[in-house]
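Visitor: pasted the sequence and its predicted model underneath.
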Amino acid sequence: PSADDNSEFFALVLDDLTVYGHQFSDMFFQTGMLPGENITVSVVSGWNNSFKIDESTGVYVNSLFDDGTKQSNHTALIANSRHLENLDEKIAGIKAMNAESYFAGFTIAKQTDNIHWNTDNGALSKSKKGTIAFAEELKNPSSGNVSVYSKYYFHELPLASDSSFVPIQNQSLQEYDGNHFSIENLTIDMHHVHNWYQTSGIFSELGAQNHQISVRDLSLNNINSISVGAEAGGLVGKVTNGSFSNVSLTGNSSVSSLNNQSAGGLIGSSVGKLVVSNCTVTTDNFSILAVNNGSAGGLVGSAANEITIKNSSVSGYGTSITAQKSGSSGGIIGSANQNLSMTKCSVSGDGYKVLVMDGGSAGGLVGTASNVLAINDSSVSGDVISIAAQKNGSSGGLVGSAHQSLSMSNCFIYGKHASVSGNGWGKSAGG
């Protein structure tokens, strides 16, 4: 309202993740309305119409997601951080309303705007719809942080505190279409999320044994992912049967798994078949760390089953990929237990370091390959390159160690100051 009139402004909040008991499922528990349904909100004046409100024809909105969401096409539209978090059933609160089957009908998510969790690091892309930076604009004035609640998960305790994003668990999801939008300025710190041993990433786990997850056309900027006792990835901690294409990570980003698990720039670990194509990590001073026997990779930490990586790259100044103890580290992937095919992939940048400590394997592209390994048209380059396996480890300019068959074609490593060191030598070209 303007300062010189007597108009009144009323806000109707249908879903608020930052206040205990204010999720849609909490407030409308007794009405029979289900999370994810579309509803019409109308204004009706009181008996004396003291506020002189004109009765409206109603506004059609979705209870959890962006306007235009329809379960009939199984697609949830995602325009802001609240919509994104609501892809997680424990945050949406569906279990207490016996709405699992209805909610599971959303097998596709399509992003409709750039999403900013915070504004601390600036943003590469503006929001088209003027949506807020969730953690910045909804923070508690006294603490300076935002908490995320779910009434049906840990009761009155916040599900996450200190402005940490809650990793999304939704293994019913079969497709996430980034629609060429971005997710920016987001920290997932499992020190501040209940259930420490949950995998860390924007998505905790994706995919399932009975279906594949497809993620495409998505940009990530300023993403920091820290897992306390499980896998960590910039995008997803763990994937089962997945395909990822045209996904990029930029900005001030880092990924860490702090206890015996894998860490990857985009994907922490995979089981089932995995295909990665046209994906990039392009950031300066990028750090990936796997502590206590885990695997660290620029794109993928570890793969338990067949994996194909093509037309993908890691680049930037000061990149550091480290696996402690007897783990594996690689510029593209830390370790692969089954067949690995890599085509037209590259790692480049000055000050590029791949390190494994206390045994293990380090490679410019691949740390450890336990089965058939085929690499074509791929390279490692930069002015200053250091690939090292300390103590009883093995290292190679392209591959740290290959346990079965290895074939390479048109591959090379080039650096003005390149150093490959270790007590054992990997099977690599130029290593």
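Guide: Thanks, I have it. No experiment lies behind these values; they were computed from the predicted model shown.

Visitor: any idea how far Gly400 is from the spatially closest residue to Cys345 that is not a sequence neighbour?
Guide: Once flanking residues are discounted, Cys345 sits nearest to Ser378: 4.5 Å by CB to CB, 6 or more residues apart in numbering. No exception for glycine: its C-beta is placed from N, CA and C like everyone else's. Plainly put, Ser378 is 15 Å away from Gly400 if you go by CB to CB, to the nearest Å.

Visitor: and these two? Which one has more around it.
Guide: Gly400 (37 against 28; other CB atoms under 10 Å).

Visitor: which residues are contacting whichever strand or helix holds that one?
Guide: In this assignment (DSSP states H and E), Gly400 forms part of strand 399-402. Applying CB atoms under 8 Å, 6 or more residues apart in numbering, the contact partners of strand 399-402 are 328-330, 356, 360-369, 373, 375, 387, 389, 393-394, 406, 424, 426-428, 431.

Visitor: buried members of these into PyMOL, please.
Guide: Here is the PyMOL command that selects the buried residues among the contacts of strand 399-402 (16 or more other CB atoms under 10 Å):
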select buried, resi 328+329+330+356+360+361+362+363+364+365+366+367+368+369+373+375+387+389+393+394+406+426+427+428+431
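
Visitor: can you flag which of the contacts of strand 399-402 belong to strands?
Guide: 328-330, 356, 361-363, 366-369, 373, 375, 387, 389, 393-394, 406, 424 (DSSP state E).

Visitor: low-confidence regions, this structure specifically.
Guide: 1-10, 45-57, 94-104, 120-125, 129-132, 135-144, 151-158, 196-197, 422-431 (pLDDT under 70).

Visitor: just the helices from it, written as ranges.
Guide: For the chain, helices defined by DSSP state H occupy the ranges 24-27, 81-85, 89-92, 100-103, 134-137.

Visitor: summarise which helices and strands the first one is packed against.
Guide: Right, helix 24-27. Contact here means 3 or more CB pairs under 8 Å, 6 or more residues apart in numbering; DSSP states H and E; on that basis helix 24-27 packs against no helix or strand.

Visitor: and it, C-alpha only, in PDB?
Guide: C-alpha atoms of helix 24-27 as PDB (Å, rounded to 0.1, in the frame of the first residue of the first chain):
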ATOM      1  CA  PHE A  24       1.600 -26.900   3.700                       C
ATOM      2  CA  SER A  25       1.100 -30.500   5.000                       C
ATOM      3  CA  ASP A  26       1.100 -29.200   8.600                       C
ATOM      4  CA  MET A  27      -1.400 -26.400   8.200                       C
END
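
Visitor: what about it, distance to the chain center?
Guide: Offset of helix 24-27 from its chain centre (CA atoms, centre = their mean, to the nearest Å): 27 Å.

Visitor: was I right about Gly105 contacting His74?
Guide: Yes: in this structure Gly105 lies within contact range of His74 using CB atoms under 8 Å: 5.8 Å.

Visitor: of the two, who's got more company?
Guide: Set Gly105 next to His74 and count neighbours by other CB under 10 Å: Gly105 wins out with 17 against 14.

Visitor: quick one: that one and Gly178, what's the gap?
Guide: 21 Å.

Visitor: wait, Lys273 sits on Gln338?
Guide: No: using CB under 8 Å, Lys273 makes no contact with Gln338, being 9.3 Å away.

Visitor: which of these two has more neighbours?
Guide: Lys273 (18 against 15).

Visitor: distance-wise, check Ala92 relative to Met27.
Guide: Applying CB to CB to Ala92 and Met27 gives a distance of 13 Å.

Visitor: please apply the same query to Ile202.
Guide: From Ile202 to Met27 the distance is 27 Å (CB to CB).

Visitor: and for Ser395?
Guide: 58 Å.

Visitor: neighbour count winner among the two?
Guide: Between Ser395 and Met27, Ser395 has the larger neighbour count (other CB under 10 Å), namely 32 against 16.

Visitor: does the more buried one touch Ile385 like I think?
Guide: No: counting by CB under 8 Å, Ser395 sits too far from Ile385 to count as a contact (11.6 Å).

Visitor: I figured His22 hits Asp16, correct?
Guide: Yes: taking CB under 8 Å as the definition, His22 is a contact partner of Asp16 at 3.9 Å.

Visitor: who's in contact with Ile387?
Guide: Per CB under 8 Å, 6+ apart, neighbours of Ile387: 353-355, 362-364, 395-397, 400, 419-421, 431.

Visitor: list the beta-bridge partners for it.
Guide: Val354, Val420 (DSSP bridges).

Visitor: how about the spatially most central residue of the chain, nearest residue that isn't a chain neighbour?
Guide: Nearest to the geometric centre of the chain sits Leu235, at 1.9 Å (CA atoms, centre = their mean). Leaving aside its chain neighbours, Leu235 sits nearest to Leu266 (4.7 Å; criterion: CB to CB, 6+ apart).

Visitor: I'd say the one you found and Thr280 touch.
Guide: No: taking CB under 8 Å as the definition, Leu266 is not a contact partner of Thr280, at 9.2 Å.

Visitor: residues shared between the contacts of the two?
Guide: With CB under 8 Å, 6+ apart as the test, Leu266 and Thr280 both reach Val247, Leu249.

Visitor: which of the two has more neighbours?
Guide: Per other CB under 10 Å, whichever of Leu266 and Thr280 has more neighbours is Leu266, with 30 against 21.

Visitor: next, the contact list for that one, please.
Guide: 220, 233-236, 244, 247, 249, 276, 279, 281, 299-300.

Visitor: what does it show for phi and psi?
Guide: phi -110, psi -40 (degrees, to the nearest 10).

Visitor: state the distance from it to Val384.
Guide: With CB to CB as the criterion, Leu266 and Val384 are 25 Å apart.

Visitor: ditto for Asp88
Guide: Taking CB to CB, one finds Asp88 at 42 Å from Val384.

Visitor: out of those two, which sits in the busier spot?
Guide: Using other CB under 10 Å as the criterion, Asp88 and Val384 rank with Asp88 on top: 21 against 16.

Visitor: quick check: nearest residue in space to Phe203, chain neighbours excluded?
Guide: Val236 is the one closest to Phe203 (CB to CB, 6+ apart), at 4.2 Å.
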